[in-house]
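Student: Need a 3D model of the following:
(chains A and B, ligands or ions: 2)
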There are 2 protein chains.
Amino acid sequence: MARHRPPSFSMLREMHVHNRKKLQNAMAEKLESIGQRLAGVVLLQGGEERYRDCTDHLELFRQESFFAYLFGVREPGFYAAIDIATGQSILFVPRLDPDYAVWLGEIHPPSFFKEKYGVDAAYYVDEMVSVLRKFDASLYLLHGLNTDSNRYCKPATFQGIEGFEQDTKVLHPVLSECRVIKSELELELLRYVNEVSSAAHVKVMRSAQPGLKEYQLESTFQHYCYMEGGCRECSYTCICATGENRQEVLSFSLNTFLVFLYSAVLHYGHAAAPNDQIASDGAMALLDMGAEYHFYGSDITCSFPVNGKFTEKQRLIYTGVLEAQKAVISKMKPGISWVAMHKLAETKILEALKTAGCLKGNVEDMMENRLGAVFMPHGLGHFLGLDTHDPGGYPQGMSRINERGLVSLRTVRTLEAGMLITVEPGCYFIDAVLDPALEDPVLSRFLNREAIDKFRGFGGVRLEDDVIVTSDGCENLTNCPREISDVEDVMAGGPWPRT
Amino acid sequence: MARHRPPSFSMLREMHVHNRKKLQNAMAEKLESIGQRLAGVVLLQGGEERYRDCTDHLELFRQESFFAYLFGVREPGFYAAIDIATGQSILFVPRLDPDYAVWLGEIHPPSFFKEKYGVDAAYYVDEMVSVLRKFDASLYLLHGLNTDSNRYCKPATFQGIEGFEQDTKVLHPVLSECRVIKSELELELLRYVNEVSSAAHVKVMRSAQPGLKEYQLESTFQHYCYMEGGCRECSYTCICATGENRQEVLSFSLNTFLVFLYSAVLHYGHAAAPNDQIASDGAMALLDMGAEYHFYGSDITCSFPVNGKFTEKQRLIYTGVLEAQKAVISKMKPGISWVAMHKLAETKILEALKTAGCLKGNVEDMMENRLGAVFMPHGLGHFLGLDTHDPGGYPQGMSRINERGLVSLRTVRTLEAGMLITVEPGCYFIDAVLDPALEDPVLSRFLNREAIDKFRGFGGVRLEDDVIVTSDGCENLTNCPREISDVEDVMAGGPWPRT
Ligand SMILES: [Mn+2]
Ligand SMILES: [Mn+2]
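Tutor: Ligands and ions are numbered 1, 2, ... in the order given. Below you'll find the predicted structure:
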């Protein structure tokens, strides 16, 4: 009955087998390169189910992403191991006590999960110490910095772990790097979730109209993804901002340009700003929403006029952002620097702003003075996969560039085939950023105050596609109307994809 | 644009003012009754926003329920206080550092929240010690057992708390008791959320058909509640079980009858059993779903044949459960024992099973031997409010009845005006329960094995309404088709409510 056809569970199982094999090989290579013997067991601890505060209200469980990457296990309370020498994979299943509490559905034995998840063996968690002892080798545990959150993931722990030799340094960078380069099977899944999310965005675009509450757009998106695509969750809380609210999507002081931006830059829709305004006639909508299927997500932003027709001002800004996105995507291929892509996008946006009369002077001079960050303060994009901000953006030895705008980049890497990265240029008119810039002796030289003032309250435009780097270019997984004529046509009821 | 009209925010603010006043009075009364002087400050700590594992994936924040009850604050990181002598209410607002991180939308000063939430004063959290010191009195902190989860809520804590006298015993029972009896303003909100949820159930009923995935029913429900009612969240994870899955909704061994049932008895739809089966022709659907609005929830269960027409067997069981529900609701009023209501429901169900040929013998004998619990192992209902299982079911001095079935009751209290309680009789055919019962020398005397075997695989039926006790009876907030003729008519496209 659903409109989209998700990958089969056996394909997904194969994908995880492949992910494990990849880690095994990478760990073997790593151990060799640092002169350690080919031995040891990778041990991960899966996530735990959580209750709300002191109540018995159970939150819907979502597996920790590293664990999900390797094992695809949907249930809470698991551990899992991979023997590096042989590749043997083992699941440890929590023992549910039938005499203690009500069954949470049927209780399955380890053999059920061995079969379900295609591992080589499965035991109960309480058998873990004795099983692991047979390997007579170090445990490689996951401990390392997430460079988007600036927090560390915590290594597995269990009763009896003190009896094992432990290493918490080797695994994290190796496993993170595995996740950076997507396999063909992962891509199949990522294509699916992008297909569903793109179609859902189109559905929303078609149903948008003045007078709707922002959350009605959110609800329409979520319903489409679940009803037609089986996607129970979104990759992140939907951002559905119309009109002035887009200021909240991205408002911060000029000082923060030089601060590491660990928090989500694009923040609306959360509990303190819950998509509850009315979309008004003449306003732009900025909708940043993506579905998740079997732990893999999408991250797509569309911007369009709520009433279906671009005004001249909207057209000017939108075109600049679209040109930036198209220019970047046309250049993406292995060997290209992501920083160069960010700057390319900035250039295109500055050119458009100059055409609109907002800027004066030489675009090269503007670039040298990092003016682009006044209008696009966030980075051009980020890795995407099991997390919206997938790890691996700053591997050991790489660090943030301490310049306005560039400091916000979630990666500064050179593109490689298999990287999935979002391309999300944006252009925003934010009082809290513009006012200090107009006072700044260097930046103000380029700014045409009168013209800029006409765009105050306009908010902003962002266009975000999910793009995979291929051997000789790239493939855009997202398929939403982007050209102004297409957006207007689809909003008026025209077909999509156009035939 | 939305079909339903939620209570205004100013009405909700007034509701919280009333809730605080009620606590103040109750605390004053309590202090007097235990001979303590009328002084001291109630201090609560609100919930914190959470990230998923080590990532920057922010979970959608939902305020802790006691804090929400008193202050209605939607944002994370707050503290709040009520001076018992004067009733003065104070919010403590987290100080967000504009120079450190990106703003999560606009940063509002304490005065904004003072206005928004109608408290008497607001300061920053970092001013809390000096503000509280002025009261020169004990802090009453929230610490106590949740009798559904068997876990304790944790009292507020902050830097400098060691400088204050603290009491963690008085507040919890008093505040829990405040939540048990609903005010007129709370009722207005509860009526709203029940109106939306009832209409959403009707929408789902109308769209049900063989071939749909269970989650498509869930998605339809959620979409209606958000789109038409502005309810962003459900009170609990939707249970959408069809056919044999209803075994998972409620399957456990006979031994658990004598064990305290702290976990959710009715568990399906969670990560390990995610509403992913196909609803088949001839199967019954059991849908337990409720929306939440401004922290207050609903909890409604409908059972109906997926194809819209009851079979004879379905009719027999459904009628028994419906008769049980109607009998209970017709009797509910202040002074009535909830245990008596539970037994009344059991009696009605046993009578229906006898009519269906499944049971033989005298219903009174069956009741004496607690046979009802074989077919309805859960309690008849529970308090409902900011939590699906609202606190106060077992106040100090009351305890569970250690008998089959009765031990599962979430309250054994005598009804009082203002109590909101679910009435949810059910009848299930669960192999894991029936088989031991058939082996039991006492229970088996009543069981007609051949007739029962014909119902194996049938699953079960549950009907759940949310009912408020009034001064001389009760009011049913739920308005879903219940009579078989109504269910069949509505599923065939007939109007609801019937005109
Ligand atoms: Mn993004
Ligand atoms: Mn219930």
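
Student: I'd guessed residue A:157 sits against residue A:45; true?
Tutor: Yes - applying Cβ atoms under 8 Å as the test, residue A:157 and residue A:45 come out as touching, 6.9 Å apart. In this view, the C-beta of every residue, glycine as well, is placed from N, C-alpha and C.

Student: Share the number of residues neighbouring the residue of the stretch 151-300 of chain A found nearest ligand 1, please.
Tutor: At 4.2 Å from ligand 1, residue A:299 is the closest residue in the stretch 151-300 of chain A, using Cβ to the ion. Each residue near residue A:299 was counted by other Cβ atoms under 10 Å in any protein chain shown, and the total is 28.

Student: if we can go back for a sec, between residue A:157 and residue A:45, which one's more packed in?
Tutor: With neighbours defined as other Cβ under 10 Å, residue A:157 and residue A:45 compare such that residue A:45 has more, 21 against 12.

Student: What's the separation between that one and residue B:276?
Tutor: To residue B:276, residue A:45 is 26 Å away according to Cβ to Cβ, to the nearest Å.

Student: Distance from the helix or strand harbouring residue A:487 to the middle of the chain?
Tutor: Using DSSP states H and E, residue A:487 sits within helix A:484-491. Relative to its chain's centre, helix A:484-491 lies at 27 Å (Cα atoms, centre = their mean, to the nearest Å).

Student: what ranges do the strands span in the stretch 251-400 of chain A?
Tutor: A:284-289, A:291-293, A:296-297, A:300-305 (DSSP state E, counting those that start in this stretch).

Student: Comparing those strands, which comes out most buried?
Tutor: strand A:296-297 (a mean of 28; mean count of other Cβ atoms under 10 Å in any protein chain shown).

Student: Which neighbouring elements make contact with it?
Tutor: If you count contacts as 3 or more Cβ pairs under 8 Å, 6 or more residues apart in numbering or on different chains; DSSP states H and E, strand A:296-297 packs onto helix A:184-207.

Student: check contacts around residue A:370.
Tutor: Counting by Cβ atoms under 8 Å, 6 or more residues apart in numbering or on different chains, residue A:370 makes contact with A:403-406.

Student: Select from the residues you listed the one having the most neighbours.
Tutor: Going by other Cβ under 10 Å, residue A:405 tops those with 22 neighbours.

Student: and the nearest residue in space to it that is not next to it in sequence, how many neighbours?
Tutor: Spatial nearest neighbour of residue A:405, chain neighbours left out: residue A:373 (2.9 Å); criterion: Cβ to Cβ, 6 or more residues apart in numbering or on different chains. Per other Cβ under 10 Å, the neighbour tally for residue A:373 reads 23.

Student: cool, residue A:492 as well?
Tutor: Residue A:492 has 10 neighbours, counted by other Cβ under 10 Å.

Student: any idea how far residue A:3 is from it?
Tutor: Between residue A:492 and residue A:3 the computed distance is 22 Å (Cβ to Cβ).

Student: will you turn the strands of the stretch 251-400 of chain A into JSON lines that also has distance to residue B:152 and mean pLDDT?
Tutor: As requested, the strands of the stretch 251-400 of chain A are exported to JSON lines (distance: least, Cβ to Cβ, whole Å; pLDDT from 0 to 100):
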{"stretch": "strand A:284-289", "distance to residue B:152": "38", "mean pLDDT": "94"}
{"stretch": "strand A:291-293", "distance to residue B:152": "34", "mean pLDDT": "98"}
{"stretch": "strand A:296-297", "distance to residue B:152": "36", "mean pLDDT": "98"}
{"stretch": "strand A:300-305", "distance to residue B:152": "43", "mean pLDDT": "96"}
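
Student: The ones you listed into TSV, with extra columns for distance to residue B:362?
Tutor: Below are the strands of the stretch 251-400 of chain A laid out as TSV (distance: least, Cβ to Cβ, whole Å):
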stretch	distance to residue B:362
strand A:284-289	61
strand A:291-293	55
strand A:296-297	60
strand A:300-305	66
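
Student: Compare those and report which one is nearest to residue A:320.
Tutor: With distances scored as Cβ to Cβ, the stretch of the strands of the stretch 251-400 of chain A nearest to residue A:320 is strand A:300-305 (11.8 Å).

Student: is it true that residue A:90 lies in a helix?
Tutor: No - per DSSP: H, G, I helix; E, B strand; the rest coil, residue A:90 lies outside any helix segment and is strand.

Student: Show me what it bridges to in the sheet.
Tutor: For residue A:90, the beta-bridge partners are residue A:81, residue A:121 (DSSP bridges).

Student: check contacts around residue A:355.
Tutor: A:316, A:320.

Student: mind checking how far it is from residue A:424?
Tutor: Counting by Cβ to Cβ - residue A:355 and residue A:424 are separated by 22 Å.

Student: what's the answer for residue A:444, then?
Tutor: Taken as Cβ to Cβ, the span from residue A:444 to residue A:424 is 28 Å.

Student: Which of those two has more residues huddled nearby?
Tutor: Higher neighbour count among residue A:444 and residue A:424: residue A:424, with 26 against 12, using other Cβ under 10 Å.

Student: I figured that one hits residue A:462, correct?
Tutor: Yes - using Cβ under 8 Å, residue A:424 makes contact with residue A:462 at a distance of 5.9 Å.

Student: still on that earlier bit, what's the closest of the contacts of residue A:370 to residue A:143?
Tutor: The closest of these, once distances to residue A:143 are taken by Cβ to Cβ, is residue A:406, at 28.7 Å.

Student: Please read off the pLDDT at that closest one from the model.
Tutor: The confidence metric pLDDT takes the value 94 at residue A:406.

Student: what sits against it?
Tutor: A:339, A:342, A:370, A:373, A:379, A:400, A:412.

Student: quick revisit: helices and strands around the helix holding residue A:487, which ones?
Tutor: Under the contact definition 3+ Cβ pairs under 8 Å, 6+ apart, helix A:484-491 sits against helix A:184-207, helix A:312-331.

Student: Could I get the buried residue list for the first one?
Tutor: When you say that, I think you mean helix A:184-207. Across helix A:184-207, burial judged by 16 or more other Cβ atoms under 10 Å in any protein chain shown covers A:185-187, A:189-206.

Student: Compute the distance from the centre of that helix to the centre of its chain.
Tutor: 14 Å.

Student: quick check, that helix touching chain B?
Tutor: No - on the criterion Cβ under 8 Å from any Cβ of the partner chain, helix A:184-207 is out of touch with chain B, staying 10.0 Å away.

Student: hang on, the earlier thing: let me know the closest of the contacts of residue A:406 to chain B.
Tutor: residue A:379 (12.2 Å; Cβ to the nearest Cβ).

Student: Now do the phi/psi pair for the closest one.
Tutor: Main-chain torsions, residue A:379, degrees, to the nearest 10: phi -70, psi 160.

Student: buried sites along stretch A:432-444?
Tutor: By 16+ other Cβ under 10 Å, the buried positions in stretch A:432-444 come out as A:432-434, A:436-437, A:440, A:443.
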